[in-house]
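**Student:** just a sequence and a predicted model for now, questions to come.
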Amino acid sequence: VSLDAALYEFCAARKDATDCLAFLLGHELGHVSQTINRLSGFAGGDAKPDAAENARREADADLRGGVFGYRAGFDSLRDAPQILEAVYAKYGLARKLEGYPSLDERKAGVAGALAELRRLIPVFEAANLLLILGANDVAADCFEGIARRFRSREIYNNKGVAYALQLAALGDPKETPAYPWILDSSSRLGLTAAGSRGEGGPSREELYERGMKAFEESMRLDPDYAPARVNAACLADLYEPKSRRALSRLDDASDLIQPGSAAAGALAAAREIVMARRAGKPWPAPVTRGAEVESTEEEAIGERTPASVLRGKAAGDGVAIESDTPLQVGPAKEYGEFATLVVQRGGNRWAFVTTRTAYAGKTAHGVGLGAARTAVDKAYCESGAPCGVELRAAAGTWLHFAKARTIFLLNEKGEVASWTLYARR
């Protein structure tokens, strides 16, 4: 993907410079993810003759670009209609180009993509939080709901991980290795057999088939996507130890992974586990983590506690997810310094309260935004050594402290970027 210097300077001169660049580059990356080997052509020189199909593809590329922007920390679709208007004016383009959506249609498509993105983001955030909490079945349904609207290798990969963790939870934790599941590209999930076993849920065979189907769909969307191959190998070994299938998947992945990358570390760890199980030898034990401090005080963010959010009336403006048991994500509300989110599935209800970048307060243990990882460990772990559950993600690191009912997100520098309080009933 390339951007000419004039268009770069155009964005650089705007107040929303970074979001402008994120929108333009994200849109083109959206086309790449569609496997359409052409530029969208703001100048219209590469337009397709079927305008209706082109309008659909452009709107889809906008949505994909918006998702990429969100994951990178940009609100790239917020000002996109005004950016499109300005780009057309800069290049002297007619509002209606031959065989290409009109400017008004493009702006309407962007507005639609923005509305859809605003619906998808709470579902994506809920899926990640629920996965961290061990509600793997609900997380899987959330990822499935996203996949129906936004098909991508990462979503199917994450969905497969959710099913794999459900399968792991059915077994004896002492007999289940700490597989290096890879969540969303280079993210590594430090969870093993945590989660609810439940009664009357899917069988081992069903969970295996659902997980493998999700990984295979991820690989179908991108045959060079190594994380899904590593995860598929782990799932195969979890379901059928000593199976040649696991080694075959790892061999395929080894040709796609760059040495020294996070995925390379996961590949090596997975191979060590698979080879040990084939040889009937002990596999590497998970890293021992310390004990958490007791936390009895009900915390609040902006005077809003998760319990108070749970007590609120279940509004109908959330996103309904099709599943065996009725599932709704939302309402999701923004309050400037913090946000709230509710998830309801059958008789279970979760509430989350999350800080935003402008929040100036601290947790009950004295941790605020920008605090170092060492300060978090000192405040929440009895010995000051790492404790709780850790999820290393592309955007940083998630830390879950069950006794405090708190989930921290650390940035790449190891500083607190946000935290989430949660409750369930």
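**Tutor:** It's in.
**Student:** can we go C-alpha only for contacts and neighbour counts from here?
**Tutor:** Fine.
**Student:** any stretches of the stretch 51-200 of the chain with poor pLDDT?
**Tutor:** Low-confidence regions of the stretch 51-200 of the chain, defined here as pLDDT under 70, cover residues 51, 185-200.
**Student:** what's the answer for the stretch 251-400 of the chain, then?
**Tutor:** Counting by pLDDT under 70, the stretch 251-400 of the chain contains low-confidence ranges at 262, 313-316, 392-396.
**Student:** now do whichever strand or helix holds Ala263: which elements does it pack against?
**Tutor:** Counting by DSSP states H and E, the secondary-structure element that holds Ala263 is helix 262-278. Of the remaining helices and strands, those touching helix 262-278 by 3 or more CA pairs under 8 Å, 6 or more residues apart in numbering; DSSP states H and E are strand 187-189, helix 226-239, helix 244-254.
**Student:** what sits against the closest residue in space to Ser254 that isn't next to it in sequence?
**Tutor:** Sequence neighbours aside, Leu267 is the residue nearest to Ser254 in space, at 7.3 Å (criterion: CA to CA, 6 or more residues apart in numbering). With contacts defined as CA atoms under 8 Å, 6 or more residues apart in numbering, Leu267 is in contact with 180, 230, 250, 253-254.
**Student:** any idea how far Arg95 is from Leu267?
**Tutor:** For Leu267, the distance to Arg95 equals 51 Å [CA to CA, to the nearest Å].
**Student:** next: Phe408.
**Tutor:** Plainly put, Phe408 is 47 Å away from Arg95 if you go by CA to CA.
**Student:** which of the two has more neighbours?
**Tutor:** More neighbours surround Phe408 than the other of Phe408 and Arg95, with 23 against 14 (other CA atoms under 10 Å).
**Student:** backbone phi and psi for the more buried one, please?
**Tutor:** Dihedral angles phi and psi of Phe408 (degrees, to the nearest 10) take the values phi -100, psi 150.
**Student:** who's it bridged to?
**Tutor:** Bridge pairing for Phe408 (DSSP bridges) gives the partners Leu399, Trp419.
**Student:** so what pLDDT did it get?
**Tutor:** Listed pLDDT for Phe408 reads 95.
**Student:** correct me if wrong: it contacts Val416.
**Tutor:** Yes: at 6.8 Å, Phe408 counts as touching Val416 under the criterion of CA atoms under 8 Å.
**Student:** so Leu130, which of the three states?
**Tutor:** Secondary structure assignment for Leu130 (DSSP: H, G, I helix; E, B strand; the rest coil): helix.
**Student:** how close does it sit to Val329?
**Tutor:** Leu130 is 11 Å from Val329, by CA to CA.
**Student:** which one of the two has more residues nearby?
**Tutor:** Here Leu130 and Val329 are set side by side on neighbour count (other CA under 10 Å), and the busier one is Val329, at 27 against 20.
**Student:** where does that one land in three-state SS?
**Tutor:** Reducing the assignment to helix, strand or coil with three-state DSSP, the entry for Val329 is strand.
**Student:** the helix holding Ala263: what's the following helix or strand?
**Tutor:** Beyond helix 262-278 in the direction of the C-terminus, DSSP H and E gives the next helix or strand as helix 306-311.
**Student:** that following helix packs against which elements?
**Tutor:** With contacts defined as 3+ CA pairs under 8 Å, 6+ apart, helix 306-311 has these neighbours: strand 338-345, strand 348-355, strand 416-424.
**Student:** please spell out which residues along that helix are buried.
**Tutor:** Along helix 306-311, these residues count as buried under the neighbour rule (16 or more other CA atoms under 10 Å): 306-307, 309-310.
**Student:** which one of the contacts of Leu267 is nearest Pro173?
**Tutor:** Distance ranking of the contacts of Leu267 against Pro173, using CA to CA, places Pro180 first at 15.1 Å.
**Student:** from what I can see that closest one touches Glu272, true?
**Tutor:** No: Pro180 is beyond contact range of Glu272, at 10.6 Å (criterion: CA under 8 Å).
**Student:** who's more crowded, these two?
**Tutor:** With neighbours defined as other CA under 10 Å, Pro180 and Glu272 compare such that Pro180 has more, 24 against 14.
**Student:** can you pull the contacts of Thr357?
**Tutor:** Listed by CA under 8 Å, 6+ apart, the contact set of Thr357 reads 337, 369, 417-418.
**Student:** among those, name the buried ones.
**Tutor:** 369, 417-418.
**Student:** contacts only, for Pro177.
**Tutor:** If a contact means CA under 8 Å, 6+ apart, then Pro177 has 192, 273, 283-286 as its contacts.
**Student:** nope, Arg14 is what I was after
**Tutor:** Contact criterion CA under 8 Å, 6+ apart gives Cys20 as the residues in contact with Arg14.
**Student:** using the three-state scheme, assign it.
**Tutor:** coil.
**Student:** just Arg78 next, same as before
**Tutor:** Relying on three-state DSSP, one would call Arg78 coil.
**Student:** with adjacent residues omitted, what lies nearest to it?
**Tutor:** Of all residues beyond its chain neighbours, the one nearest Arg78 is Leu114 (7.0 Å), with distances taken as CA to CA, 6+ apart.
**Student:** quick check: phi and psi on the one you found?
**Tutor:** Note on Leu114: backbone dihedrals following degrees, to the nearest 10 are phi -60, psi -40.
**Student:** if I look at it, how far off is Phe401?
**Tutor:** The span separating Leu114 from Phe401 equals 34 Å under the rule CA to CA.
**Student:** looking at these two, which is more packed in?
**Tutor:** Neighbours were counted for Leu114 and for Phe401 using other CA under 10 Å; Leu114 has more, 23 against 20.
**Student:** from Val67, how far out is that one?
**Tutor:** Note on Leu114: its distance to Val67, by CA to CA, is 10 Å.
**Student:** just Gly290 next, same as before
**Tutor:** Applying CA to CA, the value for Gly290 to Val67 is 36 Å.
**Student:** more neighbours: these two, which one.
**Tutor:** Using other CA under 10 Å, the more surrounded residue of Gly290 and Val67 is Val67, with 26 against 15.
**Student:** leaving out sequence neighbours, find the closest residue to that one.
**Tutor:** Nearest in space to Val67, with sequence neighbours left out and distances taken as CA to CA, 6+ apart, is Leu117 at 7.0 Å.
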